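> got a predicted structure here, sequence first:
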There are 2 protein chains.
Amino acid sequence: MLTVFSEKHALHDSKTELYGGELVPPFECPVRAEHILQRVRDVGLGEIIAPQSFDIEAVTRIHDPAFIRFLETCWEDWAATGYKGEAMAICWPARGMQQRIPDHIDGKLGYYSLSAETAISNGTWEAARTSVDVALSAQAALRDGAREAFALCRPPGHHAAGDMYGGYCFINNAAVAAQAFLDQGASRVALLDVDFHHGNGSQAIFYDRSDVMFLSLHGDPRDAFPHFLGYADESGQGGGKGFNHNYPMAPGTSFKTWGDALADACRKINNYAPDALVISLGVDTFEHDPISFFKLASDDFKRYGATIAALNLPTLFIMEGGYAVEEIGINAVNVLEGYEGR
Amino acid sequence: MLTVFSEKHALHDSKTELYGGELVPPFECPVRAEHILQRVRDVGLGEIIAPQSFDIEAVTRIHDPAFIRFLETCWEDWAATGYKGEAMAICWPARGMQQRIPDHIDGKLGYYSLSAETAISNGTWEAARTSVDVALSAQAALRDGAREAFALCRPPGHHAAGDMYGGYCFINNAAVAAQAFLDQGASRVALLDVDFHHGNGSQAIFYDRSDVMFLSLHGDPRDAFPHFLGYADESGQGGGKGFNHNYPMAPGTSFKTWGDALADACRKINNYAPDALVISLGVDTFEHDPISFFKLASDDFKRYGATIAALNLPTLFIMEGGYAVEEIGINAVNVLEGYEGR
């Protein structure tokens, strides 16, 4: 399987995350991608290539252009204030408040974010911009005839909505890639999100559309980030009604329960008969993930890779979360090896 | 003039505020109240009394009872997680997300807050509960015949909405006191907010009502916290249409400009002919305030106190913000002395 990777992921190297009322080193850190890359090499998964550069228009098919400009200029605007830390939101348009875009960077950060834990720092934009190029380059491989590919994206993307960042995500790599399939002639794309956290951004982006079916297996939002989306009764709206499927699961969920949900999701994908499958591949479902609560063992990742392969679809894997850094390479590549029947 | 004060304000003594991407000692700190109290004593403003205890029903006339229970239990729920810092929101129901109340304290904090800078710690609830007793005790003095009184409240209240805390505020002391006037038979109450920041909580609470006219002079929300409310075109809704008046002003605003806005607000109050006047008294309009951008000098506070007195109404002063700690006593008491014609 082809892997696309760029060293530029390391340009996003924020030093602080707001967690438990403290500023801690971010769980989403550069070494994550390095460990995955090393494992890809160690198992001989296949060729590893650098991404091509794509026009921003592929991104603004999904994201508000003003939001993209905000991401591009945020750090410069923040630095101009003289603030000493990294850029974080402190207030937001809460219930009953105005959805207007303020002039001050504190206001812009609040308008364009959905969480406060994620810091933007020097290099965040270039890394995020490259991460979506990684996704689009892997997608281009499928366009050109490959049956599957692995986009080793960092930063991740599935929490990013059309005009909001958060949850370590800035540009929604999976959504941009799904749109690229459609723009190249696909009629239907399935986007299956197996990250521990609900892919709220992806859901929101495609919620009123039937040309992308979104399915997500995740920690119940009553107990897990992002807390305010990912409930079982969110099934799509308008023309998208019936094309959104959430599988929220409780703390302590085992692979048995998780696998049953995956099997149900795969049945729905099969019935949908998509032209392509995009996997938002987070491995924070791992039993020892420091900020999650599912109980998948490393071997379980190999097993569910095989389940995905049985769908027999052109498949694009997009890297998302996973914070048990020592095991992230094994777990992520186990999915890919399982898919390949190794 | 009578002053109501409780030492219990000091129970709210959080050590951290999220500011400029760092956790810094909170600008809203216990010494603020001590300096104001000392100045009240120094100038011989009048008697200083401790508050009575009021039933929570006076508070739930304004606030959602579930929100009040959240404030009461928040610290205990937070401490049970093992988090090492103070309780702060990290995510919230952003655009397009669900307004559901999660089970996990991180979700509850996001649901019930409008900003992330404000930490809840051990003692916050008792201090906030006492602060509203201070306001209600001062209000009771007017009920019993006093012409004016000063509620030396801390923590402040004007950013707190019916079911959200933030901006250093937990319970909206001024709104609760305004409601008490109405519940005692007043037909109309004017709530004039002269704090540098827009009183978004007070506005939201009374936005569809004509029995409380809300008027706020403040830093333009395009440039200043809370960023998402306080625009000039917010005039009330439904039965409250025409009873909300905002005076957003630009960075560098002088007392001349500010005083013109106050004069206009006073004309509106006079025409409204309220039975009582509640002043949300913040002195962060001061030229040397560390987090604000108006240019009032200490003497200006005395001058505008006289302007308020000219309305010739029963007047309840409720302490709100002001972060130039060394001068806060002089500036706050200057308003009261100006009111008294000293």
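Everything's here; your move.

> count the neighbours of A:G166 for me.
Neighbour count of A:G166, defined by other C-beta atoms under 10 Å in any protein chain shown: 25. For the C-beta atoms, the positions are set from N, CA and C on the backbone; glycine is no exception.

> equivalent analysis for A:D264, please.
14.

> can you report phi and psi for it?
Torsion angles at A:D264 (phi, psi; degrees, to the nearest 10) stand at phi -60, psi -40.

> in which helix or strand does A:T3 reside?
Element membership for A:T3 (DSSP states H and E) is strand A:2-4.

> can you report how many residues lie near the nearest residue to A:V194 once chain neighbours are set aside?
Closest residue to A:V194 apart from its sequence neighbours, by C-beta to C-beta, 6 or more residues apart in numbering or on different chains: A:L217 at 5.6 Å. A:L217 has 28 neighbours, counted by other C-beta under 10 Å.

> try the one 4 residues further on
For A:P221, the tally of surrounding residues (other C-beta under 10 Å) stands at 27.

> likewise the one 5 residues further on?
Under the neighbour criterion other C-beta under 10 Å, A:P226 is assigned a count of 29.

> check contacts around it.
A:L114, A:S115, A:H159, A:G166, A:G167, A:H197, A:H198, A:N200, B:C91, B:M97 (C-beta atoms under 8 Å, 6 or more residues apart in numbering or on different chains).

> heading C-terminal from the lengthiest strand in chain A, find the next helix or strand.
Ordering each strand of chain A by length in residues (DSSP state E) puts strand A:212-219 first. Tracing the chain C-terminally past strand A:212-219 and defining elements by DSSP H and E, one meets strand A:244-249 next.

> wouldn't A:H35 be in contact with A:Y323 here?
No: counting by C-beta atoms under 8 Å, A:Y323 is not a contact partner of A:H35; they are 11.4 Å apart.

> ok, back up a step: please tell me which one of the contacts of A:P226 counts the most neighbours.
Of all these, A:N200 has the most neighbours under the rule other C-beta under 10 Å, reaching 33 neighbours.

> measure that one to chain B for me?
Going from A:N200 to chain B by C-beta to the nearest C-beta, to the nearest Å gives 7 Å.

> wait, what's in contact with that residue?
Per C-beta under 8 Å, 6+ apart, neighbours of A:N200: A:L114, A:H158, A:H159, A:A161, A:G167, A:P226, A:F228, A:L229, A:G230, B:M97.

> nearest to B:A149, of those?
Nearest to B:A149, judged by C-beta to C-beta, of the contacts of A:N200 is A:F228 at 41.9 Å.

> neighbours around that closest one, how many?
A:F228: 25 neighbours (other C-beta under 10 Å).

> start to end distance for stretch A:48-68?
28 Å (C-alpha to C-alpha, to the nearest Å).

> could you pull out the buried residues of the host helix or strand of A:K256?
Element membership of A:K256 [criterion: DSSP H and E] is helix A:255-272. Residues A:F255, A:T257, A:W258, A:G259, A:A261, A:L262, A:A265, A:C266, A:I269, A:Y272 are the ones in helix A:255-272 that count as buried (16 or more other C-beta atoms under 10 Å in any protein chain shown).
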